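Q: Following is a predicted model, sequence given first.
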Amino acid sequence: MTVYIDADACPVKAEAERVATRHKVKMVLVSNGGIRPPANPLVETVIVPEGPDVADMWIADRAGPGDVVVTQDIPLAAKCVGNGALVLKPNGEALTEANVGNALATRDLMYDLRAADPFRQGGGRAFSKADRSRFLDALERVLRKAKGAG
């Protein structure tokens, strides 16, 4: 079991490290640079080359059954769910076979709406303490469940 973190712009790296360490689970931070490698022996830092979706492809090529992926990237989430991994967004929302298709369709729709109206602003809400708390709870539950199944 490995916890893969899509680390570029991930707001819950420290929280994920705490939970993974408590469960003695390996964690891999994947980014294209700009993050400080932690001293924790359970945490590996992987720096991939610059380029579109390089970190996503690295994670998707490795994550599978029994692994947990933390990402906000819906296409990456869809690939990982298809590979059998458990996927959590940083706000604690689980992406599963039952909902990842809908999330992908919504993402594509929002992209099209933004492209059609160049004056449309982001519209997303800020990451909150409640999101962080939900993530911690969700990761704790997922790791307990995965360890119990193993």
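A: Noted; the coordinates are in hand.
Q: for the closest residue to Cys10 other than its chain neighbours, what are its contacts?
A: With C-beta to C-beta, 6 or more residues apart in numbering as the measure, Pro90 is the residue that lies nearest to Cys10, at 6.1 Å, once sequence neighbours are left out. In this view, the C-beta of every residue, glycine as well, is placed from N, C-alpha and C. For Pro90, the contact set (C-beta atoms under 8 Å, 6 or more residues apart in numbering) comprises Cys10, Pro11, Val12, Val70, Gln72, Phe127, Asp131, Phe135.
Q: How much space separates Pro90 from Asp117?
A: Counting by C-beta to C-beta, to the nearest Å, the gap from Pro90 to Asp117 is 27 Å.
Q: one step back: and the pLDDT for the residue nearest to Cys10?
A: You'll see Pro90 listed with a pLDDT of 95.
Q: Tell me how far it lies from Gly101.
A: 21 Å.
Q: Figure out the helix or strand that the residue nearest to Cys10 lives in.
A: For Pro90, there is no host helix or strand (DSSP states H and E).
Q: start at 673 instead
A: With 673 as the first residue, the last one maps to Pro762.
Q: Now do the end-to-end distance for stretch 713-727.
A: Stretch 713-727 has an end-to-end distance of 21 Å (criterion: C-alpha to C-alpha, to the nearest Å).
Q: So what's the gap between it and the chain middle?
A: From the chain centre to the centre of stretch 713-727 is a distance of 13 Å (C-alpha atoms, centre = their mean, to the nearest Å).
Q: How about that stretch, which residues are buried there?
A: Residues Val715, Val718, Val720, Ala727 are the ones in stretch 713-727 that count as buried (16 or more other C-beta atoms under 10 Å).
Q: what does that stretch contact?
A: 678-680, 689, 692-693, 696-705, 707, 709-710, 730, 747-748.
Q: how much space between the closest residue to Asp739 other than its chain neighbours and Ser805?
A: Computed as C-beta to C-beta, 6+ apart, the closest residue to Asp739 that is not its neighbour in sequence is Ala757, at 4.5 Å. As judged by C-beta to C-beta, Ala757 and Ser805 stand 23 Å apart.
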